[in-house]
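J.: Using only what follows, build the 3D model:
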Amino acid sequence: PRDEKGKTEYFGRFGEIGHDLLGWDAPLQDALCFAGEGAAAGGGGVASPARWRFKVGPAHVNGYGALHGGCTASVIDSLGTAAIALGEGGECGVAVSLDVQYLSPAKKGDEVVWEASVLKRGGRLATVEVRAHAVPKGGRGRGKLLAVGSLTKSLRGPGASAEGAEPQSLRAGYPLNL
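T.: Down below sits the predicted model:
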């Protein structure tokens, strides 16, 4: 998916059975399952979360047998993007900020529920919060909080075209914010 339409279609089905995950996401293919669609945030309001279930496998752990921090960050990035794709607007944008707080480990074989909520979607930026909770033994309820991530994505905005667009900062009269 090289354009916004392709990215939106890809991430809008992220984790669905029968939907192939590509590239960096491929190791999540048999471990991640979409569990329910959240409502999109409108007017800057908080959306109800979209949920995915994830089983920690051998490809997802570090040398200590715990869910790798890089895998956690990658899942937060992908699911935050998927939450935006599930909403209105028809674009996913590009990440400008990713922050992850690692609170407790998950081990190989553990199940994790990931919840992604669009906190705010403006004309140029969208902010998503992604939370990872352990699934308690028995599979019911919410277990300990494992990680919390915040993802901010830059959006082209309403009416913008991906064809030949140059960054705002390169247009004449628009200041560079370095």
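J.: So S74 belongs to a helix, correct?
T.: Yes: using DSSP: H, G, I helix; E, B strand; the rest coil, the assignment for S74 is a helix.
J.: got a pLDDT number for it?
T.: pLDDT recorded at S74 is 93.
J.: Give me the neighbour count for it.
T.: Using other Cβ atoms under 10 Å, S74 is surrounded by 18 other residues. To be clear about C-beta, it is placed using only N, CA and C from the backbone, and glycine gets the same treatment.
J.: I figured it hits A26, correct?
T.: No: taking contacts as Cβ atoms under 8 Å, S74 lies outside contact range of A26: 11.3 Å.
J.: residue boundaries of the strands in this protein?
T.: 32-36, 50-55, 94-102, 111-121, 125-134, 145-154 (DSSP state E).
J.: which intervals of this structure have sub-threshold pLDDT?
T.: Scanning the chain for pLDDT under 70 picks out 1-2, 37-48, 89, 157-178.
J.: buried set for stretch 106-115?
T.: A106, D110, E111, V112, V113, W114, E115 (16 or more other Cβ atoms under 10 Å).
J.: any idea which of those residues is the one closest to A126?
T.: Ranked by distance to A126 (Cβ to Cβ), the buried residues of stretch 106-115 are led by E115 at 16.4 Å.
J.: And for the closest residue to that closest one other than its chain neighbours, the neighbour number?
T.: Computed as Cβ to Cβ, 6 or more residues apart in numbering, the closest residue to E115 that is not its neighbour in sequence is P49, at 3.7 Å. The number of residues packed near P49 is 22, by other Cβ under 10 Å.
J.: what residues are up against P49?
T.: P49 makes contacts with G38, A83, E115, A116, S117, R131, as judged by Cβ atoms under 8 Å, 6 or more residues apart in numbering.
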